[in-house]
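Peer 1: Mind looking at a prediction? Sequence and model below.
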Protein chains: 2
Amino acid sequence: MAAGPRLREFQLIEHLRRRFGRTGPSVVLGIGDDTAIIKPPPGRHLLLTTDLLVEDIHFTLSTATYEEIGYKAAVANLSDIAAMGGTPHALAVSIAIPRSVNEADVTRLYRGLMAACHPYGVSLVGGDTSASRHGLFLSVTLTGYVAPKRVLRRDGACIGDIVYVTGTLGDSLAGLQLLQKRPRNGISRRDIRYLIARHRRPTPRVQAGQFLVARGLATAAIDVSDGLSGDLVHLCEQSAVGVHIDASALPLSRACRAYAVATRTNPIQLALRGGEDYELLFTVPATRRDALERLRRQAGCRFTPIGVIRSKRFGMTLAIGRGDATPIRNTSYQHFSANG
Amino acid sequence: MAAGPRLREFQLIEHLRRRFGRTGPSVVLGIGDDTAIIKPPPGRHLLLTTDLLVEDIHFTLSTATYEEIGYKAAVANLSDIAAMGGTPHALAVSIAIPRSVNEADVTRLYRGLMAACHPYGVSLVGGDTSASRHGLFLSVTLTGYVAPKRVLRRDGACIGDIVYVTGTLGDSLAGLQLLQKRPRNGISRRDIRYLIARHRRPTPRVQAGQFLVARGLATAAIDVSDGLSGDLVHLCEQSAVGVHIDASALPLSRACRAYAVATRTNPIQLALRGGEDYELLFTVPATRRDALERLRRQAGCRFTPIGVIRSKRFGMTLAIGRGDATPIRNTSYQHFSANG
């Protein structure tokens, strides 16, 4: 991007405060003091999550716009709150800005952040800004609330629970591969647009998480941010259980199937490996399965049963229908092994 | 630093959780789930602050150890909570790690962070880790609590209030200049050690902030992180007032005076410009001055009156004793103008 007017820290903060800062009954004091002041709703627990986005690790300026970078940074955090069944509340954003990035670029990035937050009424309450001699670096912190007894943790899955996932898997990875200029022959324009949109503007499953909490249906949940295989490992390790997944049940969009056929990719691998789907992976007692199916319309997205929780001694396995079971390997993205 | 064993993200998080993670009655769930879960104390407001530390802007690996970088990152946040009169509570740390930094370095950095937090019982509850292809980036978020009616904001200073500052000013800048190898002739080893320690391990004025809140003595407060002149500007702008400062009253340590003499520096400029002192600048109604003087022993540090709040139309001025008043210019450090 072309270098623009030089940034001055205090002016930038004032600009961001005027443009994006909000106060209200639950945000007593936003940007501009030593800290933000928030009035927690009585009787709720506070949720706190933070995600980092680092240039040339999480994004490159050649394939992502500033708005997309901001949007996805917010979604990563919103999705964490969704996976607890919580209500997102207040956002703090820290940004280290290289010389090559001007004030208009920074404003675009914040516009993307706030666009993702807007449906949930999240307020920008603070943050920090700095110059950077190295790359663009973004750190986003989000608070939320949840009723203490209803929170969805990773460690509650029990033997016999049905494993569910929201939406469809693998779309984001297919979209990323399309952006990285894999051949597009044999895939319709509409499918390409859909997959790229799923990569660029994923939907955090806030409504689905709140639905599960309100109905007391799930025993454990995690969001699919690293990839299904990796996130299954996290959930099973924390719950001290094993799992068996039916690969033929993994929910795939029509576009993702078309992409897999055209590129001779195994769509199951796209679903297992692909990070950044931001779907929810959760477990439901077999006795609550009917209740879930009956009420699912309230959740705002589809739920698909993909497997069952088993004893830890059986490990984590995968089979296609009634075929042979093979161990699930964590093929998800790891920053340090893949990029460190 | 020598490159060490390659970092693997999940292993690093598990290591940090075991070594530094804490739960307790008020931290329901720490590192290891999608978010941390915190139980807010009833009837308190939540304080939220976040600070960014960027390699070659806020620190260089040639003059600071990893422990010092961690320590100062925590102090910047603790000082923000102190300036509100709050009680620090839970810490989330995000770090982007270049190849040249190994796991032992990262552990040292966290050790520094937790050493600064230890006196206040602050728990490490979460964060994020990433590789970095560029520099080392650190983003620290801290929550705290305060009684709603007692919080110290920047916008409460009134005409006639006395302006106070805790501790002494300019030490941190003198310490930094000594580290940057200014000639050390004519300064005792003890003074050098003192000034460098004040730069490397500043004390956040948490106890002083809580004292002011408990006694209801202050109308406004800010921490001196950018430098006295800049932070005075923030406080006066937010309170819509002017100020007159008596430069001869600025509290200087014996070591800072000795440094100023030896280096032919104006110690008043050190006090006005020097950032990272992490003292508190606060305003007290003239009618409460006697109460403050009487109770000051409870605050754990010295308080010095340095000026008086005036009407905004008189602007911000400085004089030495009864000498001529000159306007205060913001000579504090700004990231973008100085380094952008």
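Peer 2: Here it is on my side, so go on.

Peer 1: Quick one: residues in contact with stretch A:52-62.
Peer 2: Under the criterion CB atoms under 8 Å, 6 or more residues apart in numbering or on different chains, residues A:1, A:68-69, A:72-73, A:76, A:135-140, A:335, A:339, B:94-96, B:128-134, B:137, B:139 lie in contact with stretch A:52-62. Placement of C-beta: from N, CA and C, glycine included.

Peer 1: May I see the ChimeraX selection of the buried members of those residues?
Peer 2: Only the buried entries of the contacts of stretch A:52-62 go into this ChimeraX selection, using 16 or more other CB atoms under 10 Å in any protein chain shown:
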select /A:68,69,72,73,76,135,136,137,138,139,140,335,339 /B:94,95,96,128,129,130,131,132,134,137,139
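
Peer 1: Quick one: residues contacting the closest residue to A:Leu252 other than its chain neighbours.
Peer 2: Of all residues not flanking A:Leu252 in the chain, A:Pro267 sits nearest, at 5.3 Å (CB to CB, 6 or more residues apart in numbering or on different chains). Contacts for A:Pro267 (CB under 8 Å, 6+ apart) come out as A:170, A:250, A:252, A:256-257, A:260.

Peer 1: again, but for A:Gly70
Peer 2: A:Gly70 neighbours (CB under 8 Å, 6+ apart): A:108-116, A:138.

Peer 1: Out of the residues you listed, which comes closest to A:Arg19?
Peer 2: A:Tyr110 (7.2 Å; CB to CB).

Peer 1: Would you mind measuring from the closest one to chain B?
Peer 2: Using CB to the nearest CB, to the nearest Å, A:Tyr110 is found at 15 Å from chain B.

Peer 1: following the strand or helix carrying that residue, which helix or strand comes up?
Peer 2: When elements are assigned from DSSP states H and E, A:Tyr110 belongs to helix A:103-117. Of the helices and strands lying after helix A:103-117 in sequence (DSSP H and E), the nearest is strand A:123-132.

Peer 1: packing partners for that following strand?
Peer 2: helix A:9-20, strand A:36-38, strand A:87-98, helix A:103-117, strand B:45-54, helix B:335-339 (3 or more CB pairs under 8 Å, 6 or more residues apart in numbering or on different chains; DSSP states H and E).

Peer 1: Show me what the second one pairs with in its sheet, parallel or antiparallel.
Peer 2: Strand A:36-38 has the following strand partners under DSSP bridges: strand A:27-29 (antiparallel), strand B:45-54 (antiparallel).

Peer 1: Buried residues, stretch A:12-21. List them.
Peer 2: Neighbour count says stretch A:12-21 has A:12-13, A:15-17, A:20-21 buried, by 16+ other CB under 10 Å.

Peer 1: what's the offset of stretch A:245-254 from the middle of its chain?
Peer 2: 19 Å (CA atoms, centre = their mean, to the nearest Å).

Peer 1: So what touches it?
Peer 2: A:163, A:165, A:167-171, A:191, A:194-195, A:198, A:228, A:232, A:260, A:267-268, A:270-272, A:302, A:304-307, A:316-321, A:328.

Peer 1: buried sites along that stretch?
Peer 2: By neighbour count on 16+ other CB under 10 Å, the buried set for stretch A:245-254 is A:245-247, A:250-253.

Peer 1: what do you get for stretch A:301-321?
Peer 2: So, applying 16+ other CB under 10 Å, buried residues of stretch A:301-321: A:303-310, A:316-318.

Peer 1: thinking again about what came up before, which pair of the contacts of A:Gly70 spans the longest distance?
Peer 2: Top of the distance list for those (CB to CB): A:Ala115 and A:Leu138, 15.2 Å.

Peer 1: Let me see the ranges of the strands in chain A.
Peer 2: A:27-29, A:36-38, A:45-54, A:87-98, A:123-132, A:137-146, A:162-166, A:220-223, A:242-246, A:280-284, A:303-310, A:316-319, A:326-327 (DSSP state E).

Peer 1: picking that back up, from the buried residues of stretch A:301-321, which two are the most distant?
Peer 2: A:Phe303 and A:Thr317 (22.0 Å).

Peer 1: Okay, A:Arg264 and A:Ile192: tell me how far apart.
Peer 2: Distance of A:Arg264 to A:Ile192, given as CB to CB, to the nearest Å: 17 Å.

Peer 1: neighbour count winner among the two?
Peer 2: A:Ile192 (18 against 6; other CB atoms under 10 Å in any protein chain shown).

Peer 1: Isn't that one up against A:Leu178?
Peer 2: Yes: contact criterion CB atoms under 8 Å: A:Ile192 and A:Leu178 qualify, at 5.8 Å.

Peer 1: Identify the contacts common to these two.
Peer 2: With CB under 8 Å, 6+ apart as the test, A:Ile192 and A:Leu178 both reach A:Arg184.

Peer 1: Might you list the low-confidence residue ranges for chain A?
Peer 2: Counting by pLDDT under 70, chain A has low-confidence residues at A:1-10, A:23, A:182, A:331-340.

Peer 1: longest helix anywhere in it?
Peer 2: helix A:66-83 (DSSP state H).

Peer 1: so that helix versus strand A:45-54, what angle?
Peer 2: Per axes from the mean of the first three to the mean of the last three CA atoms, to 10 degrees, the angle that helix A:66-83 makes with strand A:45-54 is 150 degrees.

Peer 1: then helix A:66-83 to CSV, C-alphas only?
Peer 2: The C-alpha trace of helix A:66-83 is given here as CSV (Å, rounded to 0.1, in the frame of the first residue of the first chain):
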residue,chain,number,x,y,z
TYR,A,66,-7.3,-4.3,5.8
GLU,A,67,-11.0,-4.7,6.3
GLU,A,68,-10.8,-8.5,5.9
ILE,A,69,-7.9,-8.6,8.4
GLY,A,70,-9.9,-6.7,11.0
TYR,A,71,-13.1,-8.7,10.3
LYS,A,72,-11.3,-12.1,10.8
ALA,A,73,-9.5,-10.9,14.0
ALA,A,74,-12.9,-10.0,15.5
VAL,A,75,-14.4,-13.3,14.4
ALA,A,76,-11.6,-15.3,16.0
ASN,A,77,-12.6,-13.7,19.3
LEU,A,78,-16.3,-13.8,18.8
SER,A,79,-16.1,-17.5,18.0
ASP,A,80,-14.2,-18.1,21.3
ILE,A,81,-17.0,-16.5,23.2
ALA,A,82,-19.6,-18.4,21.1
ALA,A,83,-17.8,-21.7,22.1
